[in-house]
Structures are given as structure tokens and as C-alpha cells.
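# Would you be able to build a 3D model of this:
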Amino acid sequence: MTSTKPRDVQVYPIGTDTTLLRARSWTRLRFEIEYALAKGTTANSYLIRADKTALIDPPGETFTQIYLKALQERFDLTNLDYVILGHVNPNRAATLKALLELAPQITFVCSNPGAINLRGALENPDLQILVMRGEETLDLGQGHHLQFIPTPNPRYPDELCTYDPQTEILYTDKLFSAHICSDQVFDEGWEIFNEDRRYYFDCLMAPHARQVETAVDKFSELAVRMYATGHGPLVRYALIELTKAYRQWGQQQLSQDSTVALLYASAYGNTATLAQAIARGITKAGVAVESINCEFADPEEIRVVVEKANGFIIGSPTLGGHAPTPIQTALGIVLSTATNNKLAGVFGSYGWSGEAVDLIEGKLKDAGYRFGFDPIRVKFTPNDVTLQMCEEAGTDFAQALKKAKKVRSQTVPATTTEQAVGRVIGSLSVFTAKQGDVSSAMLASWVSQASFNPPGLTIAVAKDRAVEPLTHSGNKFVLNLLKEGNHLGLMKHFLKPFAPGQNRFTEVATEPAENGCPILSNALAYLECTVQSRMEVGDHWLVYATVDNGKVLDADGVTAVHHRKSGNHY
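As a prediction, this is how the structure comes out:
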């Protein structure tokens, strides 16, 4: 998403003695790199001014200058007592250092893992820090007696939520957030945010479903009237619905038949970003992920997860030409615990060399493991194309697990109902999409016109399709209708398996549409479309799009259709 609007800070009172300072960007930021949508974001921070004053979750360095300017215009920083951190990452270091220069009296409040990260990020061992483990409280006076709830997960092991019983506001940091920017502070008309909140959950929370469920259980004991989130609109109107949705989405992950153990460590955050993208690919294919940050997990936890998983993937940075000690420990546990009929995967990031990935790959090969995708090596910071490739690798891994399980099970003939459903036919088409440097395509036959004015259509897209991340509201695509008698070549091409990140268009003739997506030169006709909405329907997304432009390329041709014998497969 592009915008000419400048970044700014929106200031808004949300409760007694409580103010929101909402740093906004209408374009995607660097810290959202593992997040495919580009609808902008807000970095939400909060100021509680009672007898004592606390600042909750200052934003990252993207907003440092405009944020501190807005803060100083409204508040004397020499009176700032506490800075409460829901999580600590290097991105926040610039803002925190600037705050310390202006207010050296600050006491930081965070979890124990957060304190370790904070001292490292600020390179200052003498910081004043209050460590909250879940039983301690902080009295700001005037009824603001803050409580703290540790909600760690592998991606954010230092996660800490804050509850103010005076205002009944729960400061949730990453939980219940969404990366979307607007003028709207609260979630009035909350249904319009459903897709963005679900996508945020699928990308950032689904790999940690077990820990998310534990966090939601802890919140159930509190009288909460508002979730003050780290990103996006604050949750006031959809409080009950979104809480129920988090439980439902988490249970969907925890109830899957197959599970992948995703074991990783991350020196500078890059390997963790790759892990997040791979996990997204696995979960969208209907396989659960049990994510383990080996830096914060004990050996027994790793052993239990690996033992019950159907496959495992190990991710490692390279430090001094080696894998870090936590990964070497995890590898030893895997080799002694996981039978070699379990599917394996290896990935990692590096700065100057990538020996860690080679070492892990070699050990697993020597032990006789099969790999679900080719080892992934990424130098420095991953980009959009790299992360799309990682997501596709995760999906391939999940599909290989499901295929192996299906082969082992007895084949069941199609029922009479499934046979009848199979007689529903649709136009045989190729769906093509491009966003930035990322492009993809899929063969589609579940296509139907849905509206006259505006002209619109629906397309069913399986959740595990590589093109699925390009089918969200606002995305552009081209629907290429194939011609009977001239469709087999294109059909075979787009049905064949593609390696993760492989260009789908190298062997077919294309030209760019006005919306930038590929038109197949040999198509019967094409339609340029914009996604308006989508609905979850079992193992597919039903995408509704309006038609912006189109053309018949062969007026004498007839549309190819796809005949099926059963409704339980394409």
C-alpha cells in the first residue's frame, strides 16, 4: 500500500488519566517484513498520569523523532517515572536511548527475559529495572494499581501484558492487534476489521496457539472493558467476539491431525522472521506448528515436542562459523529422539558464511532423514520474495506430510453425494497475481459470476495455495479464461509442482495488464479484478472481486470447462 500521507502521532484520551499516543504510518514498515499485507500500521503507546507516571510501549526507531516531539509537547519528561515494555527488541533501542537522555530517572518495567534483552539492546548494564514475574504490582496512585501478566511465546519470550483495574484496560501488546492504519481509534463497525485481525493471527499467533490459549485463559479472570493493543484499532466493541475468535482459531490449530516441530534460534531476528514465514505456510495448509525458540526452552520440552511431531524443521543463524549452542543441543535431541521416517527441514540466515545450515543438513542426511524442501540459506535480511519462498516451502512440507499420511490410510470410494457434487462444472481459468516483486498463479475452476452492478465474481482459493497471500481485500489479479481445445498445455503447466519461489511464468507467453498482473497471451479472454472481500469456507477462502477491465481475445473460441467424477477433489 502506498500513501502520500506523512507519518504522524495521533493523541487521544481513552480513560481516566490515560492517553493514547498512536504513531501512524500508511505504508508497510520494516518490522512488518514477515507480514505480507501492506495496509500500513500504527504503533500504539500509552501514558498514565497519576501520582506517578508510566509510559507503556514506546514505538520503534521509525517513529522516534515525531513520537518524542508529540510527547514533549504535552508532558514534562522530567516527571516520567516508569517505562513499561510489553516486549523488547532492537527496533525500540533508538527510542529508549533517546528517552533516557531526556529522562535519566526512568525505571524500566518488564519481564525477566525482557530485562536481559533490554540490557543488551541498550548496551547498559546499570539500567534501573523492575522485573515483573506475574505476582508483583505497581501502584501509580489514584487507583491505578497495575497488575502484570507474563504471556511468553517462542517468537516473543519476554511478552508481558499490563492490566489497570482503575480503567479496566488490558494492555495486550502483540495480542489482538492488526497491522492497519486509519483515523479510527476504536473498532466501531468491528466487522470491517475481521479479515485483518484473522490474517494477523494466522501470520503471528497461529504458530504459538498453545501459548496464546494460555494467555487468553489468564485474561478471563480480569474485568476488562478494552484491549489496548500494540498495533491497529483498540478493541472495545468486538471484545467478546474477538476473544471467542482467538479461542476458536487457536483450537483449529491445536486440533489438527499432523504437527510439525519448528525449532530455531535467532541472533538478530532474521532467522526468527524466516521461521515465522515457514510456519505460516505450514499452518495455512492445515497442519499445526509447535514452535520452539531453543534459546528459551529446556531440553525436555524440546524432546516431548519432537517425539510427538510428524516432522521437524530446524533453523539456525551462523555465529563464528558454527550453529549456536542451543541449536547444537536441539540437534542432538532430534537425532536421539526422532525416528528417521519423520520428514525434516533446515533453514537459516547468516552474515558472511552459512556453515550452520550445512552442518545441520549433513548430520540429518547421515542419519537417513528425508527433506520436505531444499535447505534454505538467506544472507542478511530477508525480503518479500525470500519470505514468499519460505512460506511456499512450509506449504510444500505440510503437503508432503499429508500425502504420506493419505498413502498410509485406506482409500475410501467417493460417496453418491460426492459424485453428485462433482457434476458441478465451472470455467477453467488461470488466476494470476503480482504485488511488488512477488507473483504467483493457480489453475482455477471454482469460479462463478456473483453480481451485475458492479460486475463481480467469486473464486474459491484453497488455503494452502501459493497464491493465497495475494487474495486479500484490495489486491489485484487477472482471471484468464482458457479456450476449449487449446487449454491442455496451460492446464498441465499450472498443475505441475513448482519449487518454492519458482517463477510460474518462465515457460508461458504473457503481457502485463493495466493492473500490473500477467495476462496469458493464449487465453480466450481475461478479466482484471480487485478483491473486495473474502469469507472462510472450510479448507478454502471464497474471494469476491469486482471486474475493473477485460477483453475477449478470441471471439470464435469456446470456454473450456472442467468435468469431475467426484466432489472430494479437483
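# C-alpha only now, for contacts and for neighbours.
Fine.
# Do a quick rundown of the strands in the stretch 351-500 of the chain.
In the stretch 351-500 of the chain, the segments counted as strands under DSSP state E, counting those that start in this stretch are 370-371, 376-379, 426-427, 429-435, 438-444, 447-451, 456-462, 476-481.
# So for stretch 426-444, first residue to last residue, what's the gap.
Criterion CA to CA, to the nearest Å; first-to-last residue distance in stretch 426-444 is 9 Å.
# Could you do stretch 219-229 as well?
Termini of stretch 219-229 sit 14 Å apart (CA to CA).
# So for stretch 450-458, what gets flagged as buried?
Within stretch 450-458, the residues scored as buried using 16 or more other CA atoms under 10 Å are 456, 457, 458.
# leaving aside the residues next to it on the chain, what's closest to the residue positioned nearest the centre of the chain?
Nearest residue to the geometric centre of the chain (CA atoms, centre = their mean): residue 203, 1.7 Å. Excluding the flanking residues, the one nearest residue 203 by CA to CA, 6 or more residues apart in numbering is residue 280, at 5.5 Å.
# That neighbour and residue 396, how far apart?
Distance from residue 280 to residue 396, by CA to CA: 12 Å.
# returning to that earlier point: the helix or strand that contains the residue nearest to residue 203 - contacts with which helices or strands?
Using DSSP states H and E, residue 280 maps to helix 270-284. Packed against helix 270-284 by the contact rule (3 or more CA pairs under 8 Å, 6 or more residues apart in numbering; DSSP states H and E) you find strand 259-264, strand 288-293, strand 343-350, helix 384-408.
# still on that earlier bit, could I get the strands of the stretch 351-500 of the chain as JSON lines with mean pLDDT and distance to residue 17?
Output for the strands of the stretch 351-500 of the chain, formatted as JSON lines (pLDDT from 0 to 100; distance: least, CA to CA, whole Å):
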{"stretch": "strand 370-371", "mean pLDDT": "96", "distance to residue 17": "56"}
{"stretch": "strand 376-379", "mean pLDDT": "94", "distance to residue 17": "47"}
{"stretch": "strand 426-427", "mean pLDDT": "86", "distance to residue 17": "59"}
{"stretch": "strand 429-435", "mean pLDDT": "95", "distance to residue 17": "44"}
{"stretch": "strand 438-444", "mean pLDDT": "95", "distance to residue 17": "46"}
{"stretch": "strand 447-451", "mean pLDDT": "92", "distance to residue 17": "50"}
{"stretch": "strand 456-462", "mean pLDDT": "94", "distance to residue 17": "48"}
{"stretch": "strand 476-481", "mean pLDDT": "96", "distance to residue 17": "45"}
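# show me the residues around the closest residue to residue 546 other than its chain neighbours that make contact.
Using CA to CA, 6+ apart and skipping residues adjacent in sequence, the residue nearest residue 546 is residue 456, 4.1 Å away. Contacts of residue 456 were listed using CA atoms under 8 Å, 6 or more residues apart in numbering, and they are 449, 450, 544, 545, 546, 547.
# so what's residue 456 bridging to?
Per DSSP bridges, the residues bridged to residue 456 are residue 451, residue 546.
# What are the contacting residues of the strand or helix carrying residue 240?
In the assignment (DSSP H and E), residue 240 maps to helix 239-254. Residues from elsewhere that reach helix 239-254 (CA under 8 Å, 6+ apart): 176, 201, 206, 209-210, 212-213, 216, 225-227, 283, 286-289.
# Filter those residues down to the ones in helices?
Of the positions in the contacts of helix 239-254, 209, 210, 212, 213, 216, 283 sit in helices, assigned by DSSP state H.
# Tell me the spacing between the residue nearest to the first one when sequence neighbours are not counted and residue 395.
Sequence neighbours aside, residue 250 is the residue nearest to residue 209 in space, at 4.9 Å (criterion: CA to CA, 6+ apart). Residue 250 is 19 Å from residue 395, where distance means CA to CA.
# Look at the two and report which has more neighbours.
residue 395 (29 against 23; other CA atoms under 10 Å).
# Who are the contact partners of the more buried one?
278, 281, 282, 283, 284, 285, 464, 466.
# With residue 466 instead?
Contacts of residue 466 (CA under 8 Å, 6+ apart): 391, 392, 395, 440, 441, 442.
# How about residue 357?
Contacts of residue 357 (CA under 8 Å, 6+ apart): 315, 316, 317, 318, 323, 346, 347, 348, 375, 376, 377.
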